[in-house]
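In: Sequence and predicted structure, then a few things I'm wondering about:
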Amino acid sequence: MDQTLPVTDAPFSDPTRSAPSSSGAALSDTLRQILAAKYLEVQARQQETPLGEMERRARDAGRPRPFTAALCNAVAEMRVGLIAEVKRASPSGGLIREPFDPAGIARAYEAAGAACLSVLTDEQWFQGTREHLRLAREATQLPVLRKDFMVDPWQVFEARAMGADAILIIMAAVTDEMAERLEDTARGLDMGVLVEVHDEAELQRALGLETRLIGVNNRDLRSLTTDIAVTERLAPLIPADRIPVAESGIRTPEDVRRMVHAGARCLLVGEHLLRQPDPGAAARALVEAA
Ligand SMILES: O=P(O)(O)OC[C@@H](O)[C@@H](O)c1c[nH]c2ccccc12
């Protein structure tokens, strides 16, 4: 814990310029728009709360709950490791749930046997807030992933300061160098990391990190379409010392069985659960599918 943490004195890097876009496609699409706004948002927030102050708040936030261990335990016990998501809206789904009760939803997920929670904090595209994360975490004992677009280590301190136990690193959104800085910062705070990939090239880049949890996003963040065959293609390429997590577009017990069969016993599921009158019952049906 006495390691020197990376500082954010460098200007925000634009991954669309320097990172290899693995698909070869220009990011002139949803992800690019989200990132352009995110750099500005982080810059503005950092002016309100400078790095040193945010780091102090992060270190005062108490101990993080063990996110990676919760999923490892589920896998070791041959259960489905469900990361159940709390989100009000999304760019592809529009307004998903209204009224929206993050604490009640989180409690229902916990009772259903979810291993972890994921809470959207992006306001502009997902109508998320820091308050949603705080409410969901306080209502349960579960480790919580802050689901947002991380482009600067300042946000990792911010995540811990708001109570998050883990962060997401989206390989399509960052350079290799930034991915490492985000990972180092999270590890220095004892936080978990989920690194997200969508194709073979992003997977190769992700395997250069130390993070064990490799999320395969079935959703293409450029076009917003989902296809759970993406996990079936990529999960077999993930080495045995890593833990594959199938993300997005999972709805039915049959989908769960397909993901488990492909080698992904951990699942990140949101929209389907949140569209049901009883998200807890829907979560239980998926946990019990395999
Ligand atoms: O709601 P779904 O299709 O079940 O997907 C959940 C989760 O995988 C999705 O919200 C997600 C995965 N990666 C992201 C990156 C940013 C925002 C959102 C996401």
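Out: That came through, no problem. Numbers count the residues shown, from 1 in each chain.
In: interface residues of the protein facing the ligand?
Out: For the chain, the contact set with the ligand under Cβ under 6 Å from any ligand atom comprises 85, 147, 170, 196, 217, 247-250, 268-272. To be clear about C-beta, it is placed using only N, CA and C from the backbone, and glycine gets the same treatment.
In: Just name the closest of these to Asp227, please.
Out: Checking the residues of the chain next to the ligand against Asp227 by Cβ to Cβ gives Gly249 as the nearest, at 7.0 Å.
In: Check what pLDDT the closest residue in space to that closest one that isn't next to it in sequence gets.
Out: Once flanking residues are discounted, Gly249 sits nearest to Thr226: 3.1 Å by Cβ to Cβ, 6 or more residues apart in numbering. Thr226 carries a pLDDT value of 96.
In: What's the local residue count around Thr226?
Out: Using other Cβ atoms under 10 Å, the number of residues around Thr226 comes to 18.
In: which residues does it contact?
Out: 218-220, 248-249 (Cβ atoms under 8 Å, 6 or more residues apart in numbering).
In: of all the residues you listed, which two lie farthest apart?
Out: Farthest-apart pair in the contacts of Thr226 is Asp220 and Gly249; separation 10.3 Å (Cβ to Cβ).
In: Pull up the overlap in contacts between the two.
Out: Shared contacts of Asp220 and Gly249 (Cβ under 8 Å, 6+ apart): 226-227.
In: For the residue nearest to Gly249, give its distance to Ala285.
Out: 19 Å (Cβ to Cβ, to the nearest Å).
In: Now intersect the residues of the chain next to the ligand with the strands, please.
Out: Residues of the residues of the chain next to the ligand located in strands (DSSP state E): 85, 147, 170, 196, 217, 247, 268-269.
In: now, which of those residues sits nearest Ala69?
Out: Leu268 (16.8 Å).
In: On the strand side of things, show who the closest one bridges to.
Out: Ile83, Glu247 (DSSP bridges).
In: and stretch 38-57, what's its mean pLDDT?
Out: What stretch 38-57 shows for mean pLDDT is 98.
In: Can you list the buried residues in that stretch?
Out: Under the neighbour-count criterion of 16 or more other Cβ atoms under 10 Å, stretch 38-57 has 38-39, 41-42, 46, 49, 51, 54-55 buried.
In: now stretch 72-86
Out: In stretch 72-86, the ones that count as buried by 16+ other Cβ under 10 Å are 72, 74-75, 79-86.
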